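S.K.: fold the following for me, if possible:
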Amino acid sequence: MPRIDIANALKESRIFAGLTCEDVAVQIGKSAKTVNAWENNRGQPDADTFVTLCGIYNVNISQLFGMDSDNEVLGNKKNTLGKSEDALVKLLNKDPKKMEKAFKILEILFEDDT
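M.R.: Alright, predicted model coming up:
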């Protein structure tokens, strides 16, 4: 996978997770400048950090590298979320209680009526 694709995958995964570079930096013990550099093809994290980032972004390594077709955000596919949906994802990722409520609402809306 070309380095530019890895940089894009890192950035798209972070954004989809509703996190800022600073949020990620705090979790991995690096600077936001370092995270930003990885996302702009000015270096790459080491293997251990890639694994840590997968946990933070809630993706597996195949998804992070854009090899999993089930992940609509990565690879050559564009993020399918609009601005409103993206804002909602960011809000829910910052507040676990709101996320829990949102999932309960979605379960009710999409429960099987059989």
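S.K.: count the neighbours of the nearest residue to Thr49 once chain neighbours are set aside for me.
M.R.: In space, and not counting its chain neighbours, Thr49 is closest to Ile28: 6.2 Å by C-beta to C-beta, 6 or more residues apart in numbering. C-beta coordinates here come from the backbone N, C-alpha and C atoms, glycine included. Close neighbours of Ile28, defined as other C-beta atoms under 10 Å, add up to 17.
S.K.: I figured Ile28 was touching Asp48, is that so?
M.R.: No - the criterion here is C-beta atoms under 8 Å, and Ile28 misses it with Asp48 at 9.7 Å.
S.K.: torsion angles phi and psi at Gly18?
M.R.: Main-chain torsions, Gly18, degrees, to the nearest 10: phi 80, psi 30.
S.K.: doesn't Pro96 make contact with it?
M.R.: No - using C-beta under 8 Å, Gly18 makes no contact with Pro96, being 11.8 Å away.
S.K.: who's more crowded, those two?
M.R.: Neighbours per residue (other C-beta under 10 Å) separate Gly18 from Pro96, with Gly18 holding more: 18 against 9.
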